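>>> please work out how this folds:
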Amino acid sequence: MLDLIDVSKVYRGGKRAVDSLTMRLEPGLLGLLGPNGAGKSSLMRIAATVTRPTSGRVVFEGVDAVAHPNALRNALGYLPQDFGVYANLTAREFLTYLAAAKGISARSAKARIDELLVLVNLTEALKRPLGKYSGGMMRRVGIAQTLLGDPRVIIVDEPTAGLDPEERVRFRNLLSDLSVNRVVLLSTHIVSDVDSVAADIAIVARGRLLRRGTPEQLLRDIDGHVWETTVPATAVNAVQARYTVSRMVRTTEGVRVRLLSSVNPAMGATPVPPDLEDAYLGVISGPTAHRNVAGR
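From the prediction side, this is the model:
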């Protein structure tokens, strides 16, 4: 169990990246959703003991992880958005070096690295130095290093950046399998990264926790507030000014618009079942997002 208790992070100049946020993480996959700049990465670094909070507490299994970080670090696998490598090493050499730094025996490390290289689909590039890897391949190396020590807590920040669609699905499914008996915190601004694997979703913006719940709970919040209609292309800007628009598709009849409103927006709109992206945008846009602006 990992607890973040009234955590804040204020950077030089007064920028408040995390603002009095409290959150408990238990075994399972928690999807942390928020727009770019929401404070997700700052929160992840605090949870991973990479940076200290300005105020508040991080508690891992009853131990203050700010004052005594090693208990959490020894149980942790962490993948930041950007991580450094030695460009002249191969993936196997790099992972062997990291395993030694983690105190994993050479025999155990070899078996684990062989397993991970298969898991992240890098067996065909074993002789190539990391400096010649693509961005997606580097991300897979990062995923492998996260899992090196068979961690009990896994924290991954925007892990699918640079992965192709097949790899994204593969990695999401892997995290879902790992979360059966581990704490897994997955941060992303891409709703599809969590909608099929997270039983628990937290939505943050401006450093604050705005909403947390199961996908079913989030969908219930927005049920009856999602509409679709087709409007002329010339009317799109006006619709966007009045409503939170979650999707637009150009058709031969005009532009098919999916929007949020607590009342029928007219324009021939019909109610449609919500999806998680609708729920996310409803939370991020605030309490007025579902309301017809003309009715304020």
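>>> so where's the protein shaky on pLDDT?
For the chain, applying pLDDT under 70 flags the ranges 287-296.
>>> Three-state assignment for the residue most central in space within it, please.
For the chain, the residue sitting closest to the mean C-alpha position, by Cα atoms, centre = their mean, is S187 at 2.0 Å. The assignment at S187 comes out as strand when based on DSSP: H, G, I helix; E, B strand; the rest coil.
>>> touching, it and D157? I think so.
Yes: S187 is within contact range of D157, at 4.8 Å (criterion: Cβ atoms under 8 Å). Glycine gets a C-beta too; all of them are placed from N, C-alpha and C.
>>> quick check: neighbours shared by the two?
K40, S41, M44 (Cβ atoms under 8 Å, 6 or more residues apart in numbering).
>>> including neighbour count, could these go into CSV?
Formatted as CSV, those follow (neighbours: other Cβ atoms under 10 Å):
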residue, neighbour count
K40, 26
S41, 21
M44, 23
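>>> all helices for the stretch 51-200 of the chain, in order.
For the stretch 51-200 of the chain, applying DSSP state H, counting those that start in this stretch gives helices covering 70-73, 91-101, 106-119, 135-146, 165-178.
>>> what about the nearest residue to V59 once chain neighbours are set aside, distance to L72?
Nearest residue to V59 in three dimensions, chain neighbours excluded: D3, at 4.3 Å (Cβ to Cβ, 6 or more residues apart in numbering). For D3, the distance to L72 equals 11 Å [Cβ to Cβ, to the nearest Å].
>>> please apply the same query to S285.
From S285 to L72 the distance is 35 Å (Cβ to Cβ).
>>> domain-wise, how is the chain divided?
Listed domain ranges for the chain are 2-214, 220-295 (source: automatic domain parsing).
>>> point out the most buried one among the ones you listed.
domain 2-214 (a mean of 18; mean count of other Cβ atoms under 10 Å).
>>> chain center to that domain, what's the gap?
The gap between where domain 2-214 is centred and where its chain is centred comes out at 9 Å by Cα atoms, centre = their mean, to the nearest Å.
>>> what's the span of it from first residue to last?
One end of domain 2-214 sits 19 Å from the other (Cα to Cα, to the nearest Å).
>>> repeat for stretch 178-194
Terminal residues of stretch 178-194 are spaced 14 Å apart (Cα to Cα).
>>> with stretch 178-190 instead?
Across stretch 178-190, first to last residue, Cα to Cα, it's 20 Å.
>>> stretch 114-127 too?
Across stretch 114-127, the terminal residues are separated by 14 Å (Cα to Cα).
>>> and for stretch 185-202?
Span of stretch 185-202 from end to end, Cα to Cα: 10 Å.
>>> let's number from 636 now, not from 1
Shifting the count to begin at 636 puts that one at stretch 820-837.
>>> what's the closest non-adjacent residue to I739?
G784 (6.2 Å).
>>> ok, back up a step: out of the helices of the stretch 686-835 of the chain, nearest to V892?
Between V892 and the helices of the stretch 686-835 of the chain, the tightest spacing by Cβ to Cβ is seen for helix 800-813, at 25.8 Å.
>>> run the angle between that closest one and helix 741-754 for me.
Here helix 800-813 runs at an angle of 130 degrees relative to helix 741-754 (axes from the mean of the first three to the mean of the last three Cα atoms, to 10 degrees).
>>> and helix 800-813, what other elements does it pack with?
For helix 800-813, the contact count by 3 or more Cβ pairs under 8 Å, 6 or more residues apart in numbering; DSSP states H and E identifies helix 770-781, strand 788-792, strand 818-823 as packing neighbours.
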